[in-house]
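[1] My questions are about this predicted structure, shown below with the sequence.
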Amino acid sequence: MADETTGEVTGALLAGGRSLRMGRDKCLVELDGTPMVSHVIARLRPQVHRIVIVANDDPSRFSGTCLPVVCDTVEGRAGPLAGLHAALEWALSETPEAQLVATVPVDTPFFPTDMVARLLAALRQTDVGSAIAARATRAIRSPACGRSRSSARSRTRCARACAP
């Protein structure tokens with residue numbers, strides 16, 4: 001369930017990839033009879049105030065979600081950081097009350113149900129602009145699962161919040 005900090009956070013679902021490794025649109029791949037995008041939205045919704053989908057292809061494939069869809073503002077499919085950039089721009093104009101943007105890739109239906117709270121805790125413990133989720137057993141971090149301050153004055157250093 002959402003807590004009092006949810007209002008400070010806009011959620012951004014990153015769905016701008018080409019699904020090359022999957023060979024088909026991973027947003028619509030069914031998992032337990034439900035499209036993957038629906039699983040991710042259901043897990044993210046209680047953790048944030050509002051959700052936007054960042055996608056570069058036909059936005060009508062998300063019409064059943066009733067969520068706004070925006071495209072990357074950086075040309076040439078620049079990757080998840082371009083999606084983060086588009087999400088931050090959208091949040092600044094559409095949800096100015098939100099101080100943070102939490103991003104989640106569309107192909108991560110099992111991220112923790114308290115991921116946003118963990119990332120917020122990491123941000124509050126340090127004076128940084130972003131917190132990035134990482135597995136405790138791996139040194140690999142992905143900027144696609146994270147939380148960033150929506151202010152353009154954010155610092156560029158990062159704090160790490162480990163997921164189990």
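    Cool, the structure landed.

[2] Does anything pack onto the lengthiest helix in the chain? Which helices or strands?
    If you go by DSSP state H, the chain has its longest helix at helix 80-94. Helix 80-94 makes packing contacts with strand 9-14, strand 50-54, strand 69-70, strand 100-105, strand 141-149 when contacts are defined by 3 or more CB pairs under 8 Å, 6 or more residues apart in numbering; DSSP states H and E. The C-beta positions use only the backbone N, C-alpha and C, and glycine is treated the same way.

[3] hey, least reliable of the ones you listed by pLDDT?
    Lowest mean pLDDT within the helices and strands packed on helix 80-94: strand 141-149, a mean of 50.

[4] close enough to count as contact, E8 and H49?
    Yes. Assessed by CB atoms under 8 Å, E8 is found in contact with H49 at 7.3 Å.

[5] What residues are bridge-paired with the residue sitting nearest the centre point of the chain?
    Compute the mean C-alpha point of the chain, and by CA atoms, centre = their mean the closest residue is T103, 1.5 Å away. Beta-bridge pairing of T103 under DSSP bridges involves A12, G146.

[6] Go ahead and confirm it touches A82.
    No. When contacts are counted by CB under 8 Å, T103 is not listed as touching A82 (11.5 Å).

[7] Flag the shaky bits of the protein, pLDDT-wise.
    Applying pLDDT under 70 to the chain flags residues 1-7, 17-24, 77-78, 133-164.
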